[in-house]
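In: Make a model of this:
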Amino acid sequence: MDLSQYLPVLMFLGVATILGVVLLSVGSILGPGRPDAEKLAPYECGFEAFEDARMKFDVRYYLMAILFIVFDLEIAFIFPWALVFRDLGLFGLIEMGLFVGMLFLGFIYVWKKGALEWE
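Out: The predicted model follows:
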């Protein structure tokens, strides 16, 4: 096995590392550094932290997260299907129609239950 084929990859990694270190160093040296109490305070979603980090969350928060994941995964399934759509023919179209239809029914159910409304 000829290890000289890996030389361009090693050179690329070396240049990338050097460039990253140089850019971070220049930014920290030349950038303004005037920390005050407000800049050093933890930022919590636009308002001051007022409770313990282990406080209970509303169930709707988790519902939104699960909905996001479901619809994100839908795109992950639809994209490869679209690439091979012509090879699948009518069967692939019917299967994807059923898949999207079930997701749409689930979306309507969640909508009717009020999970998409935030107070």
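
In: Can you give the distance from the strand or helix carrying Leu90 to the centre of its chain?
Out: Under the criterion of DSSP states H and E, Leu90 resides in helix 85-113. With C-alpha atoms, centre = their mean, to the nearest Å as the basis, helix 85-113 stands 23 Å off its chain's centre.

In: tell me what that helix is packed against?
Out: In terms of contacts (3 or more C-beta pairs under 8 Å, 6 or more residues apart in numbering; DSSP states H and E), helix 85-113 is packed against helix 59-83. C-beta: built from backbone N, CA, C; applies to glycine.

In: Which parts of the helix it packs on count as buried, going by neighbours?
Out: Residues of helix 59-83 include none that count as buried (16 or more other C-beta atoms under 10 Å).

In: ok and it relative to helix 85-113, angle-wise?
Out: Per axes from the mean of the first three to the mean of the last three C-alpha atoms, to 10 degrees, the angle that helix 59-83 makes with helix 85-113 is 160 degrees.

In: who touches helix 59-83?
Out: Here helix 59-83 makes contact (C-beta atoms under 8 Å, 6 or more residues apart in numbering) with Leu88, Gly92, Met96, Phe99, Val100, Leu103, Gly106, Val110, Ala115, Leu116, Trp118.

In: Recalculate using a threshold of 7 Å.
Out: Residues outside helix 59-83 that contact it (C-beta atoms under 7 Å, 6 or more residues apart in numbering) are Gly92, Met96, Phe99, Leu103, Val110, Ala115, Trp118.

In: any idea how far the residue nearest to the fourth one when sequence neighbours are not counted lies from Phe68?
Out: Right, the one you point to is Leu103. Using C-beta to C-beta, 6 or more residues apart in numbering and skipping residues adjacent in sequence, the residue nearest Leu103 is Glu74, 5.6 Å away. Separation of Glu74 from Phe68 (C-beta to C-beta, to the nearest Å): 11 Å.

In: Map the structural domains onto the sequence of the protein.
Out: By the assignment in automatic domain parsing, the chain contains the domains 1-31, 55-119.

In: what are the C-alpha coordinates of stretch 2-12, in CSV please?
Out: Extracted in CSV, the C-alpha atoms of stretch 2-12 (Å, rounded to 0.1, in the frame of the first residue of the first chain):
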residue,chain,number,x,y,z
ASP,A,2,1.4,3.3,-1.1
LEU,A,3,1.1,5.9,1.8
SER,A,4,2.1,8.8,-0.5
GLN,A,5,-1.6,8.9,-1.7
TYR,A,6,-2.5,10.2,1.7
LEU,A,7,-0.1,13.1,1.5
PRO,A,8,-2.7,15.6,0.0
VAL,A,9,-5.2,14.6,2.8
LEU,A,10,-2.6,15.2,5.5
MET,A,11,-1.6,18.5,3.9
PHE,A,12,-5.3,19.6,3.8
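
In: Thanks again, I'm all set now.
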